[in-house]
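Build me a structure from this.
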Amino acid sequence: MSSVTTSTSSAAPRRAMLTDPGYQAFVILRVGFTVAPILFGLDKFANLLVDWPAYLAPWIDDLVPGSAQAAMYAVGAIEIVAGLAVALAPRFGGWLVAGWLAGIIVNLLTIPGHYDIALRDFGLLLGAVALARLAQRYHAEPRP
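Prediction:
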């Protein structure tokens, strides 16, 4: 006579993790920093939300080859890659997004009238750093 046993040993830790506020914060930040960069990156090609080239500092426009819109295409591609990096490797992707936001902040601080957006992006940078730190705990490599 054989009996079928159902193992609930893996369900209990998973359930406990889902109720952990730190893990919930990690998931919220991971989803947000995956979706937002990808959507904003895609919009660099369509300019539906805003006229993105207007957010490129003139001195940066002078440095990069081509037009400001061409620069926004490169920016969009980088943002899409950053969002995918957060989805696949949040420990790395969080720092990548934080670094990218630091560059955006420098750009915005050199354009008069964009200081409010730079401040908002500083808050996003802090969120990206928090994501990277939370990923260190909740998305660590499995240890033997």
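
For residue 82, give its distance to residue 36.
10 Å (Cβ to Cβ, to the nearest Å). To be clear about C-beta, it is placed using only N, CA and C from the backbone, and glycine gets the same treatment.

If you count surrounding residues, which of the two has more?
Neighbour totals were compared for residue 82 and residue 36, and residue 82 leads with 26 against 16 (other Cβ atoms under 10 Å).

pLDDT below threshold where in this protein?
Low-confidence segments of the chain (pLDDT under 70): 1-10, 12, 141-144.

how about 80 then?
When residues are selected by pLDDT under 80, those of the chain lie in 1-17, 140-144.

which residues touch the most centrally placed residue in it?
With distances taken as Cα atoms, centre = their mean, the residue of the chain nearest its centroid is residue 33 (3.1 Å). Each residue near residue 33 by Cβ atoms under 8 Å, 6 or more residues apart in numbering is listed here: 83, 86, 90, 93-94, 97, 127-128, 131.
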